[in-house]
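[1] Requesting a structural model of the entry that follows:
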Amino acid sequence: MNINLPKTIALLELTNGFTNNDIVIKDTFEYYWKNYSSEFKKFEIIDTKGDLLLTLEYLTKYYNLGYRYFVGFSTSTILNGVIEWFNFHPDAIGISPTSTEPTLNIPKKIFRMTPDDDYILESVYPQLKDSSKIYYIYSEDESAALYVLKKLNEDIEISSKLISYGVKKDYSNLTVENIQELFINSDESQSTLLYVFNEQKYVNLYNEGLTFPGKQLNIQGIQPPIIEGEAAIQLNNKYILSSFKGTNTSIIWREGYNTLGQNNYSIVALNILNLLNNLITKKRVSNINSHFSILQFDPVTRDIIYPTFLIETFRDGKYNNTFLSVDDPSLGKYEADFVN
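    Down below sits the predicted model:
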């Protein structure tokens, strides 16, 4: 691979860890490098295998080789582990595609491209309040999922009807038998709140005999799982996805999305390439254009602000738009229901 973009490298989890997310980011980068090579220059991608110590080793190694722009740290767990390194290397800049834990909304030299979990939780609170019982199934080793568990337990109305189930890092306890036992005596008035970092593994259980009569709310909010076979029958009109979606997209964003497809396209990857171009040429980040949604950052925390969330319901073999919540710097906050 010819490396053309100066001082830039990506440290992604490609063979272990958050692979279902980071492989999509890599593939989206490569689509734009191939099809828009004059605008977006390639840079090297390194596999961190989801290991924090290896990530820190690579940061130091490539910093000493002259690199200053680092893309990666897609989970809040990894991001939390590298913040101190960036504090000791103030001329280094990080870009996190998908970390969302609100406690990381602190002064840092790392841009976060996805809104935090407080926003996404707000988008599903009405459904949770209406549920007679809530099963929270979450990745127990991920700090963002643990933050949500803490928030749910702090809400008196929700905590009184909350049953939580932590999924192990190796997913060994995510089985039909275990989850069906969790759902024992469930009914249509109950709901499941999902924050499993490999959501596909959970959805696939419905092809192996798992059933649940109530609504399923997925707040992992990044790459939607593929629902097909028996799962498409079991989850029809029950599976609800809340995700970060922009109301404005560029032509080349839509070209990439339509070519790669919803499940294989990173919605934030093009904005990352755009941000890198502006950082390297020393342009003011506050004034750059956006290919997706509103691209504005808090000047201190470097977290993205003005998020948009779309609620989609899986129905008749596809995700259908249900509800849109927009936070706009000019128009303020507004919401819209879709007629399906």
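[2] Surely Thr100 is in a helix?
    No: Thr100 is assigned coil when assessed by DSSP: H, G, I helix; E, B strand; the rest coil, not a helix.
[3] quick one: buried residues of the lengthiest strand in the chain?
    Using DSSP state E to define each element, the chain has its longest strand at strand 318-328. Neighbour counts using 16 or more other Cβ atoms under 10 Å place Tyr319, Thr322, Phe323, Leu324, Ser325, Val326, Asp327 of strand 318-328 among the buried residues. (Glycine included, C-beta is placed from N, CA and C.)
[4] With pLDDT and distance to Asn263 as added columns, please give the residues you listed in JSON lines.
    Shown next, in JSON lines, are the buried residues of strand 318-328 (pLDDT from 0 to 100; distance: Cβ to Cβ, whole Å):
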{"residue": "Tyr319", "pLDDT": "92", "distance to Asn263": "10"}
{"residue": "Thr322", "pLDDT": "90", "distance to Asn263": "19"}
{"residue": "Phe323", "pLDDT": "88", "distance to Asn263": "21"}
{"residue": "Leu324", "pLDDT": "86", "distance to Asn263": "21"}
{"residue": "Ser325", "pLDDT": "84", "distance to Asn263": "23"}
{"residue": "Val326", "pLDDT": "83", "distance to Asn263": "24"}
{"residue": "Asp327", "pLDDT": "84", "distance to Asn263": "26"}
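[5] Could you dump these into TSV and include distance to Asn178?
    Putting the buried residues of strand 318-328 into TSV (distance: Cβ to Cβ, whole Å) gives the following:
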residue	distance to Asn178
Tyr319	27
Thr322	30
Phe323	32
Leu324	35
Ser325	34
Val326	39
Asp327	38
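[6] Apart from its neighbours in sequence, what residue is nearest the residue nearest to the spatial centre of the chain?
    Per Cα atoms, centre = their mean, the C-alpha nearest to the average position across the chain is that of Ile222, at 3.6 Å. Once flanking residues are discounted, Ile222 sits nearest to Thr98: 5.2 Å by Cβ to Cβ, 6 or more residues apart in numbering.
[7] show me the residues around the one you found that make contact.
    Residues in contact with Thr98 (Cβ atoms under 8 Å, 6 or more residues apart in numbering) are Phe18, Asn21, Ser74, Thr75, Met113, Thr114, Ile222, Val268.
[8] Distance check, it against Asn21.
    6 Å (Cβ to Cβ, to the nearest Å).
[9] Show the model's pLDDT score for the residue nearest to Ile222.
    Looking at Thr98, its pLDDT is 95.
[10] Give me the contact list for stretch 201-210.
    For stretch 201-210, the surrounding residues in contact (Cβ under 8 Å, 6+ apart) are 137, 167, 171, 174-176, 179-180, 194, 196, 225-227, 229-231, 234-235, 239.
[11] Endpoints of stretch 236-246, how far apart?
    25 Å (Cα to Cα, to the nearest Å).
[12] before we move on, what about stretch 24-43?
    End-to-end distance of stretch 24-43 (Cα to Cα): 16 Å.
[13] With stretch 31-50 instead?
    23 Å.
[14] how is the chain carved up into domains?
    Following automatic domain parsing, one finds the domains of the chain at 8-114+268-305, 117-245+309-337.
[15] Make JSON lines out of those and add distance to Asn258.
    As requested, these are exported to JSON lines (distance: least, Cβ to Cβ, whole Å):
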{"stretch": "domain 8-114+268-305", "distance to Asn258": "11"}
{"stretch": "domain 117-245+309-337", "distance to Asn258": "15"}
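[16] Looking at those domains, which is nearest to Ile252?
    For Ile252, the closest of the domains of the chain is domain 8-114+268-305, at 6.4 Å, according to Cβ to Cβ.
[17] re earlier: list the ones among the contacts of Thr98 that fall in helices.
    Residues of the contacts of Thr98 located in helices (DSSP state H): Asn21.
[18] Could I have the PyMOL command that selects the buried members from the contacts of Thr98?
    The PyMOL selection below is limited to those of these classed as buried (16+ other Cβ under 10 Å):
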select buried, resi 18+21+74+75+113+114+222+268
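[19] Look up phi and psi at Tyr32.
    phi -70, psi -30 (degrees, to the nearest 10).
[20] Looks like it contacts Ile272 (just checking).
    No: if you go by Cβ atoms under 8 Å, Tyr32 and Ile272 don't touch, sitting 9.9 Å apart.
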